[in-house]
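In: Could you look at this predicted model? Sequence included:
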Amino acid sequence: MNYIALCSLGLEKILSNELKKLNYTIQNANEGMVEFSGEDLDYYNLNLRLRTAERIYIKIAEFYAETFDELYEGIKDVKLSYYLPKNGKIIIDKVRTSKSSLYNQSVIQSIVKKSMIDKLKKEYRINSYNEEKGIYKFRVYIKKNKVTITLDTTGEGLHKRGYRKLVSEAPLRETIAAAMILMAGWKRKHVLIDPFCGSGTIPIEAALYGLNIAPGLNRNFIFETWHNFNSEKFENFRKKAISEIKYNDLKIYGFDKEFKMIEIAKKNAVNLEEYIHFEKNNMESIKLDYDEGYIITNPPYGDRLGDKKHAEKLYEQMRYLKKNYPNFKYSIITSHEKFEDYFGYKSDKKKKIVNGKQTLYIYEYK
């Protein structure tokens, strides 16, 4: 079975590394997509375990089409009964086109759905198709007239882990927080400090990683609505993931100057309280006796504060951290392209991330 894992633009390499550790061979990785092949029910495990992926898709068709007739006929060559029952609810979720003859998204959606239903009626030898059971969401990508049709196994994006009941004003997406931790190379034996923890996403993702807790254990997936869902096999994947949790001693600290944020972070980190120390504190008042470690953080930035000048002043004040923790490794994410100018240090690495309409930069100091 061919799979596509989606991620934020810029995270393809880190997601590829996750997949390689799960013994997959990467076929292609660019434009927020990582392609690989696997077994039929691997999507059970992939949705449970991947930290930086947004969605897991099954690639069900790939063909060329320059006309709507060719689009209709191309789908008729796919054995759809392998994926869908004779009464599944079909949703053409999104259409993405680029440099192609076909570009009208609503027409593409209607033709793809009509062709699918006609093909299923033929395969199941039925006269009418009633959408009753299970939700089957598809995305259609057309690039340079090559059509790729994918089936969503995830449902709500994988960044929705299930733990974040309350959020800060502009929360960092969980998948990006996890990517920062993996990119920084944080090791469990080292201290990790987030001086601007907000609702606690970075410390919580660090604890999940540090304890080897699969991020999807406490949520549901769209594949659980499918006709061929095997609850016993899925439970086996869950039990295996639970058996691999390692209860280590972790040194993770989350600070925020607002008491409300610390209370939110604590509520979000329920069941992880003994592994994360949250404390109301200004950045300049943080006093921890460690010679080395990691500072991984998402400081307030201009579009979050509504005041770019205020953000730039804050970046200048962050020099306090570098002065007091000179041997630490830093990973800082912000939308400000000139963060280094205000922080006063040139980063060893600057990584651009595109998340929806938002462009972010991860600055790494080794």
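Out: Yep, that arrived. This structure is a prediction, so every number in the text was calculated from the model and none was measured. Numbering: from 1, shown residues only.

In: what about residue 172, how many neighbours?
Out: As a burial measure, residue 172 scores 23 neighbours (other Cβ atoms under 10 Å). To be clear about C-beta, it is placed using only N, CA and C from the backbone, and glycine gets the same treatment.

In: looking at this structure, which helix or strand does the model trust least?
Out: For the chain, counting by mean pLDDT, DSSP states H and E, helix 302-305 ranks last in confidence among helices and strands (a mean of 51).

In: how about the helices in the protein?
Out: Applying DSSP state H to the chain gives helices spanning 12-21, 42-49, 68-76, 105-124, 174-184, 201-210, 231-243, 259-268, 302-305, 308-317, 319-324, 339-343.

In: Off-centre distance for the longest one?
Out: The chain centre lies 30 Å from the centre of helix 105-124; the measure is Cα atoms, centre = their mean, to the nearest Å.

In: pLDDT of that helix, averaged?
Out: Summarised as a single mean, pLDDT over helix 105-124 is 96.

In: tell me which residues in that helix are buried?
Out: Counting neighbours by 16 or more other Cβ atoms under 10 Å, one finds that the buried residues in helix 105-124 are 108-109, 111-112, 115-117, 119-120.

In: From these, pick the one nearest residue 207.
Out: Nearest to residue 207 among the buried residues of helix 105-124 is residue 109, at 41.3 Å by Cβ to Cβ.

In: what's the closest one in contact with, if anything?
Out: By Cβ atoms under 8 Å, 6 or more residues apart in numbering, the contact set of residue 109 is 92, 95, 140.

In: what about 7 Å?
Out: 92, 95 (Cβ atoms under 7 Å, 6 or more residues apart in numbering).

In: What's the separation between it and residue 222?
Out: The gap separating residue 109 from residue 222 is 18 Å, by Cβ to Cβ, to the nearest Å.

In: before we move on, what about residue 35?
Out: Here the criterion is Cβ to Cβ. By it, residue 35 lies 20 Å from residue 222.

In: With residue 243 instead?
Out: For residue 243, the distance to residue 222 equals 26 Å [Cβ to Cβ].

In: which of the two has more neighbours?
Out: With neighbours defined as other Cβ under 10 Å, residue 243 and residue 222 compare such that residue 222 has more, 19 against 7.

In: residues touching that one, list them.
Out: With contact taken as Cβ under 7 Å, 6+ apart, residue 222 is in contact with 135, 137, 152-155.

In: Equivalent analysis for residue 50, please.
Out: Going by Cβ under 7 Å, 6+ apart, residue 50 touches 5, 18, 158.

In: Contacts only, for residue 365.
Out: 329-330, 345, 347-348.

In: now for those, which pair is the farthest apart?
Out: Pairwise over those, using Cβ to Cβ, the maximum falls at 329 and 345, 12.5 Å.

In: In terms of neighbours, single out the busier of the two.
Out: Taking neighbours as other Cβ under 10 Å, residue 329 and residue 345 compare with residue 329 leading, 19 against 14.

In: how close does that one sit to residue 285?
Out: From residue 329 across to residue 285, the span is 22 Å (Cβ to Cβ).

In: Please apply the same query to residue 77.
Out: Computed as Cβ to Cβ, the residue 77 to residue 285 distance reads 66 Å.

In: Residue 150 now?
Out: Counting by Cβ to Cβ, the separation of residue 150 from residue 285 is 50 Å.

In: Compare neighbour counts for these two and give me the winner.
Out: Neighbour totals were compared for residue 150 and residue 285, and residue 150 leads with 25 against 12 (other Cβ under 10 Å).

In: List the beta-bridge partners for the more buried one.
Out: Here residue 150 sits in beta bridges with residue 59, residue 139, going by DSSP bridges.

In: Put the alpha carbons of stretch 164-176 into PDB.
Out: Presented in PDB, the C-alpha positions along stretch 164-176 are these (Å, rounded to 0.1, in the frame of the first residue of the first chain):
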ATOM      1  CA  ARG A 164      -4.900  20.600  25.000                       C
ATOM      2  CA  LYS A 165      -8.200  21.500  26.600                       C
ATOM      3  CA  LEU A 166      -7.200  25.200  27.000                       C
ATOM      4  CA  VAL A 167      -5.000  27.300  24.800                       C
ATOM      5  CA  SER A 168      -3.100  30.600  24.900                       C
ATOM      6  CA  GLU A 169      -3.800  33.500  22.600                       C
ATOM      7  CA  ALA A 170      -1.600  32.100  19.700                       C
ATOM      8  CA  PRO A 171      -0.700  28.600  20.600                       C
ATOM      9  CA  LEU A 172       2.100  26.700  18.800                       C
ATOM     10  CA  ARG A 173       1.000  23.700  16.900                       C
ATOM     11  CA  GLU A 174       1.900  20.500  18.700                       C
ATOM     12  CA  THR A 175       3.500  18.900  15.600                       C
ATOM     13  CA  ILE A 176       5.800  21.900  15.200                       C
END
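
In: I appreciate the help and will end here.
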